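Student: Fold the following for me, if possible:
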Amino acid sequence: MNLGILFGGKSYEHEISIVSAITLKDVFKNNLYFVFCDKDKEFYLIENHNMKASYFSSFEYKKSKKLTIKNGGFFIQGMFSKKIPVDVYINLIHGNDGEDGKIASLFEFFDIKFIGAKIEASVLSYSKILTKYLAKMVGVKTLDYQVLKRGDEINLNFPVILKPAELGSSIGISVVKEQSKLAYSLDNSFEYSKNLLVEPFIDGVKEYNLAGFRLKDEIKFSFIEEPNKKEILDFEQKYLNFSGNSKIKKADITQELEQKIQEEFKKIYNFGFDGAIIRCDFFVIDNEVYLNEINANPGSLAYYLFDDFENLVYELAKNLPNTNNIKINYDYLHLISSNK
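Tutor: Now for the predicted structure:
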């Protein structure tokens, strides 16, 4: 079975997606097919040996074979259109385009098999506001929150944390502890989103991350990570200081708490995430588990949280949910014609 990785996209997380794809190249022993979507929504086939940061930052990728998407997959452009021999694609575009449902829609429209969240699950998990509604529907606790738009009358109980509602990777988040710092933080966060999610900031709150996916009738869980952080887990701590698995810390928690976190994950996953590898980030307060956010396309697919990741991905690719194959036979039109 041949796997392909679609990465890039037009979003604030474009470069993070590139880093994720480069990382997975080294994780998989088998060769992968890499399809890059640039800021102009053009698709390119990237050879494995060109999967390095400088190839993209220098725009050398434009020398690669250009692709078009049609029913069944990606095709090399030219006089004789040749299909890329990929059986299943992995949606590895982070943020806008990849996690908001656009790529899921594109793949589903063209009958392309893929690992990733489908349209409805993508829409609900991409928006931090809709994620709150999803959690409420399935009975998972979340922190109290407010939604702010520019020009809204603001009445906050400090300290609070401001989060752009449609963005990941901890981009644009701010902790505000007093009124005098609010205006600057609002301007910063509104640069990234027209809606802000405002939650109480709890200093020193315990955070735990869990990834997983359904394989046949069983959810395969990763180990639970307790991320290293300062005050908050911001963009710099997530990405700029990344140096491989040395920073990954398996959570030292009781079996009871581990099972609680897994049960809350199941409730979320069962609401339409079949076929996707997702990571849920949780808070634990007074031994109660609260959902922080859902990562429908986690960085590097959260491979570092799993044992035997490559084999698990291939098993998932072989056991993706079946799509509804609608037959078009024109019986109704034949009936109309015959009655004239």
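Student: so where do the strands sit in the stretch 151-300 of the chain?
Tutor: For the stretch 151-300 of the chain, the strands defined by DSSP state E, counting those that start in this stretch cover 160-164, 174-176, 195-200, 206-215, 218-221, 278-285, 288-295.
Student: which residues touch the fourth one?
Tutor: Put plainly, it is strand 206-215. Taking CB atoms under 8 Å, 6 or more residues apart in numbering as the criterion, the residues outside strand 206-215 that touch it are 219-222, 224-227, 229, 233, 251, 253, 261-262, 265, 269, 273-285, 292, 298, 302, 305-306, 312, 315-316, 319. Every residue, glycine included, has its C-beta placed from N, CA and C.
Student: I'd like to check the angle between that strand and strand 278-285, please.
Tutor: Comparing the axes of strand 206-215 and strand 278-285 via axes from the mean of the first three to the mean of the last three CA atoms, to 10 degrees yields an angle of 150 degrees.
Student: buried stuff in strand 206-215?
Tutor: For strand 206-215, burial by neighbour count (16 or more other CB atoms under 10 Å) applies to Glu207, Tyr208, Asn209, Leu210, Ala211, Gly212, Phe213, Arg214.
Student: Distance to Gly73 for the residues you listed - can I get that in a markdown table?
Tutor: Formatted as a markdown table, the entries for those read as follows, by distance: CB to CB, whole Å:
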| residue | distance to Gly73 |
| --- | --- |
| Glu207 | 39 |
| Tyr208 | 38 |
| Asn209 | 33 |
| Leu210 | 32 |
| Ala211 | 27 |
| Gly212 | 28 |
| Phe213 | 22 |
| Arg214 | 24 |
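Student: In terms of pLDDT, where does the closest residue in space to Phe221 that isn't next to it in sequence sit?
Tutor: Using CB to CB, 6 or more residues apart in numbering and skipping the chain neighbours, the partner closest in space to Phe221 is Gly212 (4.5 Å). pLDDT recorded at Gly212 is 98.
Student: Who are the contact partners of the closest residue to Phe34 other than its chain neighbours?
Tutor: In space, Phe34 comes closest to Ile46 once its chain neighbours are excluded; the distance is 4.2 Å by CB to CB, 6+ apart. Contacts of Ile46 were listed using CB under 8 Å, 6+ apart, and they are Phe34, Val35, Phe36, Tyr55, Tyr61, Ser64.
Student: Check the residues you listed and tell me the two furthest apart.
Tutor: Comparing every pair within the contacts of Ile46 by CB to CB identifies Val35 and Tyr55 as the most remote, at 14.2 Å.
Student: surely Tyr2 meets Asp87?
Tutor: Not Tyr; residue 2 is Asn. Yes. With the criterion set as CB atoms under 8 Å, Asn2 and Asp87 qualify as a contacting pair; they are 5.2 Å apart.
Student: Tell me how far stretch 140-150 lies from the chain's centre.
Tutor: Computed by CA atoms, centre = their mean, to the nearest Å, the chain-centroid distance of stretch 140-150 equals 21 Å.
Student: List the buried residues of that stretch.
Tutor: By neighbour count, with 16+ other CB under 10 Å as the criterion, the buried positions of stretch 140-150 are Val140, Thr142, Leu143, Leu148.
Student: Any chance of TSV for those residues, columns pLDDT?
Tutor: TSV is the format used below for those (pLDDT from 0 to 100):
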residue	pLDDT
Val140	98
Thr142	98
Leu143	97
Leu148	95
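Student: So which of those residues sit within strands?
Tutor: When DSSP state E defines the strands, the subset of the buried residues of stretch 140-150 inside them is Leu148.
Student: Between all of the buried residues of stretch 140-150, which two are separated the most?
Tutor: Taking CB to CB, the two most distant members of the buried residues of stretch 140-150 are Val140 and Leu148; they sit 23.4 Å apart.
Student: measure Lys327 to Leu335 for me?
Tutor: Counting by CB to CB, to the nearest Å, the gap between Lys327 and Leu335 amounts to 16 Å.
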